[in-house]
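*Asks:* A predicted structure for the sequence below; I have some questions about it.
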Amino acid sequence: MALPYVEAVVGFMIFMYFFETYLDIRQHKALKLPTLPKTLEGVISQDKFLKSRAYSLDKSHFHFVHEFVTIVMDSTILYFRVLPWFWKKSEHLVTLVGLNAENEILHTLAFLAGVMIWSQITDLPFSLYSTFVIEARHGFNKQTIWLFFRDMIKGMLIAIVIGPPIVAAIIVIVQKGSPYLAIYLWGFMLVLSLVMMTIYPVLIAPLFNKFTPLPDGTLREKIEKLAASLKFPLKKLFVVDGSTRSSHSNAYMYGFFKNKRIVLYDTLIQQCKNDDEVVAVIAHELGHWKLNHTVYSFVAVQVLTLLQFGGYTLVRNSSDLFRSFGFDTQPVLIGLIIFQHTVIPIQHLVSFGLNLVSRSFEFQADAFAKKLGYAAELRSGLVKLQEENLSAMNTDPWYSAYHYSHPPLVERLAALDKSDKKEK
C-alpha cells in the first residue's frame with residue numbers, strides 16, 4: 001500500500017492557501033484605508049492616491065478569484081491522480097503518430113506539449129481579463145488583442161524550439177546514472193543558465209520588443225559619466241519600447257564581465273521629471289553591481305539548485321512516492337515534478353528568506369545612490385515611479401514581509417531619512 005504522500009502535499013497546499021489568503025485579506029484592508037500613510041502625506045498627490053487605491057483594490061479582488069481557482073485546480077489534479085492519467089494518454093498519443101512510446105524522451109515531450117496547451121487554455125481567461133479589463137481600466141494597457149496573441153504564440157514557439165533539447169539532455173543525464181548525478185544536473189543547469197543569459201537579450205527579447213541605442217544628449221552623457229566613475233564596463237545603452245504594451249516603467253542591466261549593458265524603458269524616461277531622476281534610478285541599479293548583489297544572488301541560486309538536485313537524487317528511486325501520486329513507473333520528469341511538490345514547505349521558507357535578503361539589498365543600493373549625491377533625485381524618482389505605476393501606497397507589514405522582494409516606498413523613504421539624521 002502506497003503511503004499517503006500526495007494527501008500530505010495537498011493538505012499543505014491548502015494550508016498555505018488559507019495562510020496566504022489571510023495575508024491577502026490583511027493587505028486588502030490596508031488598501032481600503034482612505035488616507036495616505038503619514039510619511040507620504042504632502043509627497044503623493046491625493047489624485048494619484050485615489051487612482052492607486054482603486055487600481056490596487058481591483059487587482060486585489062482579481063487575485064482572490066485567481067488564487068481560489070488555482071488551488072481548486074491544482075488540488076484536484078493531484079488528489080484525483082490526473083497527472084498519471086494524462087501521462088498514459090500522452091503515451092497513446094505518441095503511439096498514434098507512429099512513434100515509439102517506450103522512448104521516454106518522446107513520451108515526456110508529448111506529455112509536456114499537453115501540459116503547455118492545458119496551461120495556456122486555463123490561464124488565458126485570467127490573462128485577458130487582467131490585461132484588457134484591469135490594466136486597460138486604469139490606463140496601463142497599450143497593446144492590442146492581436147499583439148497579445150502574437151506574443152503568446154511567439155512564447156509557445158520559443159518553448160517548442162528550446163524545450164525539447166533541454167528535456168532530452170536532462171533525461172539522458174538521469175538515465176545514465178551516477179553517484180555524482182546531482183553535480184552533473186547542476187553543472188548542466190549552470191551552463192544552460194549562462195547560455196540563456198547570453199542569448200536571451202540578444203536573440204529572444206528583440207522578438208518581443210524593439211531595443212534602440214539611447215540617443216546622444218545630456219541623459220546619455222550623465223549615465224556614461226556615472227558608469228565611468230564607478231568603473232562599470234558599460235558597452236551599450238538601450239531604450240526599450242515598453243510603452244507598446246504597458247505604461248509601467250522599469251530599468252535593468254545585464255551582461256558578463258567587461259560587456260555590460262543598461263536598458264531603460266521609454267516610459268521611465270517619459271515619466272521622470274528630469275534626467276537626474278533617471279540617473280538616480282540607474283545609480284541605484286549600479287549600486288547592486290558595485291556591492292556584488294548580483295554575484296551573491298547568482299551564487300545563492302546555484303547553491304539552492306545543487307541542494308535541490310541532491311534531494312531529488314535521494315527520492316527519485318522511491319517507488320512508494322511514485323505510487324502515492326498514482327504512477328506505476330518512474331519517469332525522470334515525473335520524478336522532478338513530484339520532488340518539487342514534496343519540498344513545497346522548504347521552498348516557502350527559502351522564498352521568505354530570499355525576500356528578506358533582497359529587501360536588504362534594496363536598502364543598500366538606495367544608500368549607495370545617496371552616497372553618490374543622488375539622495376534628492378532618488379527620492380523624487382521613487383515617488384514619481386510610485387505615482388505613475390499606481391503602486392500600493394498602504395501596505396500591511398505582514399503581507400509586505402512575506403511577499404515583497406522590494407521594500408514599500410514608505411520604508412525606503414524612511415530609511416533614506418534615517419540615514420540623513422545619522423549624518424547630521
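*Replies:* It's in. Residues are numbered from 1 along each chain as shown.
*Asks:* ok, how many other residues are close to residue 155?
*Replies:* For residue 155, the neighbour count with other C-beta atoms under 10 Å is 15. C-beta here means a position set from N, CA and C on the backbone, and glycine is covered the same way.
*Asks:* helix/strand/coil for residue 392?
*Replies:* Counting by DSSP: H, G, I helix; E, B strand; the rest coil, the backbone at residue 392 sits in coil.
*Asks:* check contacts around it.
*Replies:* Going by C-beta atoms under 8 Å, 6 or more residues apart in numbering, residue 392 touches 27, 30, 31, 52, 56, 408.
*Asks:* just flag the most distant two among those residues.
*Replies:* Maximum pairwise distance in those, criterion C-beta to C-beta, is 13.8 Å, between 27 and 52.
*Asks:* please save the CA atoms from stretch 404-419 in PDB.
*Replies:* Extracted as PDB, the C-alpha positions of stretch 404-419 are listed here (Å, rounded to 0.1, in the frame of the first residue of the first chain):
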ATOM      1  CA  TYR A 404       7.700  41.700  -1.200                       C
ATOM      2  CA  SER A 405      11.200  41.400  -2.600                       C
ATOM      3  CA  HIS A 406      11.400  45.200  -2.700                       C
ATOM      4  CA  PRO A 407      10.600  47.300   0.400                       C
ATOM      5  CA  PRO A 408       7.500  49.600   0.100                       C
ATOM      6  CA  LEU A 409       8.100  53.200  -0.700                       C
ATOM      7  CA  VAL A 410       7.300  54.300   2.900                       C
ATOM      8  CA  GLU A 411      10.100  52.100   4.200                       C
ATOM      9  CA  ARG A 412      12.600  53.200   1.600                       C
ATOM     10  CA  LEU A 413      11.900  56.900   2.200                       C
ATOM     11  CA  ALA A 414      12.100  56.300   5.900                       C
ATOM     12  CA  ALA A 415      15.500  54.600   5.500                       C
ATOM     13  CA  LEU A 416      16.800  57.500   3.500                       C
ATOM     14  CA  ASP A 417      15.600  60.000   6.100                       C
ATOM     15  CA  LYS A 418      17.100  57.900   8.900                       C
ATOM     16  CA  SER A 419      20.500  57.900   7.200                       C
END
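*Asks:* centre of the chain to it, how far?
*Replies:* The chain centroid and the centroid of stretch 404-419 are separated by 21 Å under C-alpha atoms, centre = their mean, to the nearest Å.
*Asks:* would you map the helices across the stretch 101-250 of the chain?
*Replies:* 104-129, 136-137, 145-176, 181-199, 218-229 (DSSP state H, counting those that start in this stretch).
*Asks:* make JSON lines from those and add distance to residue 318 to it.
*Replies:* As requested, those are exported to JSON lines (distance: least, C-beta to C-beta, whole Å):
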{"stretch": "helix 104-129", "distance to residue 318": "18"}
{"stretch": "helix 136-137", "distance to residue 318": "49"}
{"stretch": "helix 145-176", "distance to residue 318": "14"}
{"stretch": "helix 181-199", "distance to residue 318": "15"}
{"stretch": "helix 218-229", "distance to residue 318": "52"}
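*Asks:* how about the strand or helix carrying residue 56: buried residues?
*Replies:* For residue 56, the host element (DSSP states H and E) is helix 46-79. Using 16 or more other C-beta atoms under 10 Å as the test for burial, helix 46-79 gives 48-49, 52-53, 55-56, 58-60, 66, 71, 75, 78-79.
*Asks:* which secondary structure elements does the helix or strand just after that helix contact?
*Replies:* Moving toward the C-terminus from helix 46-79, the next helix or strand (DSSP H and E) is helix 82-96. Here helix 82-96 touches helix 104-129, helix 332-342, going by 3 or more C-beta pairs under 8 Å, 6 or more residues apart in numbering; DSSP states H and E.
*Asks:* the first one to helix 145-176, inter-axis angle?
*Replies:* If I follow you right, that is helix 104-129. Following axes from the mean of the first three to the mean of the last three C-alpha atoms, to 10 degrees, one obtains 150 degrees for the angle between helix 104-129 and helix 145-176.
*Asks:* tell me the gap between helix 104-129 and the middle of its chain.
*Replies:* Using C-alpha atoms, centre = their mean, the offset of helix 104-129 from its chain centre is 19 Å.
*Asks:* quick one: mean pLDDT over it.
*Replies:* Helix 104-129 shows a mean pLDDT of 94.
*Asks:* for residue 407, grab phi and psi.
*Replies:* phi -70, psi 150 (degrees, to the nearest 10).
*Asks:* in the stretch 151-300 of the chain, where is pLDDT below threshold?
*Replies:* Regions of the stretch 151-300 of the chain meeting the criterion pLDDT under 70 cover residues 257, 273.
*Asks:* how about 80 then?
*Replies:* Within the stretch 151-300 of the chain, the stretches with pLDDT under 80 are 177-178, 245-250, 254-259, 271-273.
*Asks:* how far does stretch 171-189 stretch from start to finish?
*Replies:* Chord length of stretch 171-189, first to last residue, is 13 Å (C-alpha to C-alpha, to the nearest Å).
*Asks:* mind listing what's buried along that stretch?
*Replies:* Applying 16+ other C-beta under 10 Å to stretch 171-189 flags 171, 173, 174, 181, 182, 184, 185, 186, 188, 189 as buried.
*Asks:* what of stretch 402-419?
*Replies:* 402-404, 407-413, 415-416, 419.
*Asks:* can you give me the offset of that stretch from its chain's centre?
*Replies:* Here stretch 402-419 is found 20 Å from its chain centre; the criterion is C-alpha atoms, centre = their mean.
*Asks:* who's in contact with that stretch?
*Replies:* Outside stretch 402-419, the residues touching it (C-beta under 8 Å, 6+ apart) are 20, 23, 37, 39-40, 43, 352, 354-355, 358-359, 362-363, 366-367, 370, 375, 378-379, 382-383, 386, 391-393, 395, 400.
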